[in-house]
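**Student:** can you look at this prediction? I've put the sequence above it.
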Amino acid sequence: MTPEGPEQQDPAGKGAAPRLQVVRPEDGGPARALPNATGPEKSILSSMMQDATEYVGHAVEQHLSPEHFYLPSHQTLYKVLLELYEKDQPVELVSLTQILRDRGILENIGGPSELTSTYAYSPTAAHFDHHLGIVKSKHLLRSVISSCTEAIANAYEDPEDVSQFLDGVEQTVFAIKESSEVQGEISARDLIGDVLDIIEQFAAGERGMQGLSTGYPDLDEMANGLKSGEMFVVAARPSMGKTSYMMNIVEHIAVTHSEPTLVFSCEMSAQQIIQRLLFARARFPLSNLKPGFQLTRSELERIKGAAQELMEAPLFIDDTPAISIGDVRAKARRKKRDEDIKLIAIDYLQLMRSKSRQADNSREREIAEISAGLKALAKELKIPIIVLAQLNRGPEQRGGVPRLSDLRESGSIEQDADLVGLLYREEYYADNDEERDEAQGKSQLVIAKNRNGPTGDVPLTFIKELMRFESRAPQGD
C-alpha cells in the first residue's frame, strides 16, 4: 500500500501543494512525487489568461478539468477562469487579481506576484496544444497510480469474490483510457459528403456490406452483415441445431475469411467443437466415425485439407462451463488487445452466470445483467457478438413456429438485441412419417427483430449428417 507523503511547497514557494508520495521502504529508496508537469500547466494557464475566449474554450472542448492540474494553485486558478468564461465575463490581469482577492483565495495561488508571473509565463500560445497534451498525459499516469494503489489496498483486505474484484480493477483501468479520448464534432457538410459517397458506391456495385458476411446471402441482405457494436441473438428449442448454425457462421468468418474470432462454449468442449468443424468443413458425415472405419483417398484428402485450414484459422475457443459475464469481459478485452478479434460467439446465454449480489436471488435479474453486459461489451469492443439462447415450450403448443415472446426471460434479451433470429426445423414438428419425409431438411431462421432493417424468414436446409445449415435454393421452397 502506498502511504500519503508529507506536504511540500510548490517550486516557487508559494501555496501549499500536497503531493501523494510513492514510498518504497522495502528497497530503502527515496520518496517519489507523482508524475507532473508544472511548467506546461503554467504555460496553458498563461495562454488562457491572455486570451480566454480562444484558449479556455479550446480547453473545455478537450475536456480539460481542474483535476488535470497537479498543483492546487493551478486548479484554483483554472476553476475561476472557467467560471468567468461560462459567464462570458472579460478576463484581464487587474480584474482577475481583484476577483481572487475578494474571494480570499489570492494567496492560495501565490499572491499577486505569482499571478503576474503566470500571466507573463508564455509569451506565445503556439505550443498550447502540445503543453495541454503533456498535462493530460501526466494526469493519466497519476490516475493509473491512484487506481492501482487503491487496488493494492483492497487486495490486502482479502476480498471474498476475487474474480469480481479483478473485473472491477480492469473496468477501472479501461475507464481511465476511455475518459482520455475526446470525441470531436463533425460538420453536416462532411457527413452528407460521406453518405453521398456510400450511395454512389452502392449504385456502382463498389461497396459491399457494412458488417461481416455470415455466409447466408438472405440473412446478409436483411441485416447488411454483422455490424460492429451489435448483438445478434439466435434462439431455438433444444435439438434445433442452433450450435451448428452459430458455428457455420463462425467457420465462414474465421476459417474462410480469416477474421479473428473468439468462441465461448458453455455446453460443448473445445475438442467437440473442433471435431464438428473439421468434419463439417470436410463434408465427412459424423455417423461414419466408427471403430474400424476406412477412409477413401478422397475423404482423407478432404479431411487433411480441412485440418490445415483450421490450423491456420485465427479461431480461439474457451469452453469454461457456467462462465461469468465478468470473465467473458476480461477475456474478450485481452483477445481484442492481443489478437484484434472481429467477432465473439457465445453458446449459450442461459448457461452463463452473473456474480453480482443483485443477481443472487433473481434468475430474471441475472439474465438481464448478462444480456445488458454482452450488449455493452459489443459496443465497447466495437465488434458484433452472436449469442445463442433457449426458447420456452411455446412453439410446441403452436405446431412449431416460434415467436419473439418465446424467449426465456425475453424482456431483457429482446430489448438488448439488435437482431433476433428464431431457428426451427419443420421435420421436428411433423405429425407423421409422410409429413416428416416431406419436411426433411427444411428449416427457417425467422428474423423476428431487426433494429436496422426488415424482418422476415431466411429459408435454410439442414444437412443432419454434416451438422450444417445451408441456404435453401428457391426451388426448394
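**Tutor:** Nice, I can see it.
**Student:** C-alpha from now on. contacts and neighbour counts both.
**Tutor:** Will do.
**Student:** tell me how far the closest residue to Ser47 other than its chain neighbours lies from Met49.
**Tutor:** Nearest residue to Ser47, sequence neighbours excluded (Cα to Cα, 6 or more residues apart in numbering): Ala125, at 5.6 Å. According to Cα to Cα, to the nearest Å, Ala125 and Met49 sit 11 Å apart.
**Student:** same check on Leu77?
**Tutor:** For Leu77, the distance to Met49 - Cα to Cα - is 10 Å.
**Student:** higher neighbour count, those two?
**Tutor:** Taking neighbours as other Cα atoms under 10 Å, Leu77 and Met49 compare with Met49 leading, 24 against 20.
**Student:** how's the chain carved up into domains?
**Tutor:** Domain ranges of the chain: 38-179, 210-476, per automatic domain parsing.
**Student:** in what helix or strand does the spatially most central residue of the chain lie?
**Tutor:** By Cα atoms, centre = their mean, the chain has its centre lying nearest to Glu380, at 2.2 Å. Assigning secondary structure by DSSP states H and E places Glu380 in helix 363-381.
**Student:** just checking, what packs against that helix?
**Tutor:** Contacts defined by 3 or more Cα pairs under 8 Å, 6 or more residues apart in numbering; DSSP states H and E place helix 363-381 against strand 231-236, helix 325-339, strand 385-390, helix 410-416.
**Student:** name the residues that touch the longest one?
**Tutor:** Residues outside helix 325-339 that contact it (Cα atoms under 8 Å, 6 or more residues apart in numbering) are 163-164, 167, 170, 260, 262, 264, 341-342, 344, 352-355, 370, 373-374, 377, 381.
**Student:** same thing but at 6 Å, please
**Tutor:** 167, 354, 370 (Cα atoms under 6 Å, 6 or more residues apart in numbering).
**Student:** can you get me the start-to-end distance on stretch 311-321?
**Tutor:** End-to-end for stretch 311-321, by Cα to Cα: 24 Å.
**Student:** so for Pro40, what's the pLDDT?
**Tutor:** For Pro40, the pLDDT comes out at 93.
**Student:** can you get me a residue count around it?
**Tutor:** Neighbour tally, Pro40, other Cα under 10 Å: 20.
**Student:** next: Asp88.
**Tutor:** Neighbours of Asp88 (other Cα under 10 Å): 11.
**Student:** helix, strand or coil for it?
**Tutor:** coil (DSSP: H, G, I helix; E, B strand; the rest coil).
**Student:** tell me the contacts of it?
**Tutor:** Asp88 neighbours (Cα under 6 Å, 6+ apart): none.
**Student:** check which helix or strand Gly215 maps to.
**Tutor:** Using DSSP H and E, no helix or strand contains Gly215.
**Student:** what's the burial count for it?
**Tutor:** Gly215, neighbours per other Cα under 10 Å, totals 18.
**Student:** with adjacent residues omitted, what lies nearest to it?
**Tutor:** His252 (5.9 Å).
**Student:** Gln390 against Val233, yeah?
**Tutor:** No: counting by Cα atoms under 6 Å, Gln390 does not reach Val233; the two are 10.0 Å apart.
**Student:** which one of those two is surrounded by more residues?
**Tutor:** Neighbour totals were compared for Gln390 and Val233, and Val233 leads with 27 against 21 (other Cα under 10 Å).
**Student:** contacting residues for that one?
**Tutor:** 386-388, 420.
**Student:** rerun at 8 Å
**Tutor:** Contact analysis of Val233 by Cα under 8 Å, 6+ apart lists 386-389, 417, 419-421.
**Student:** before I go, just wanted to say thanks for your time.
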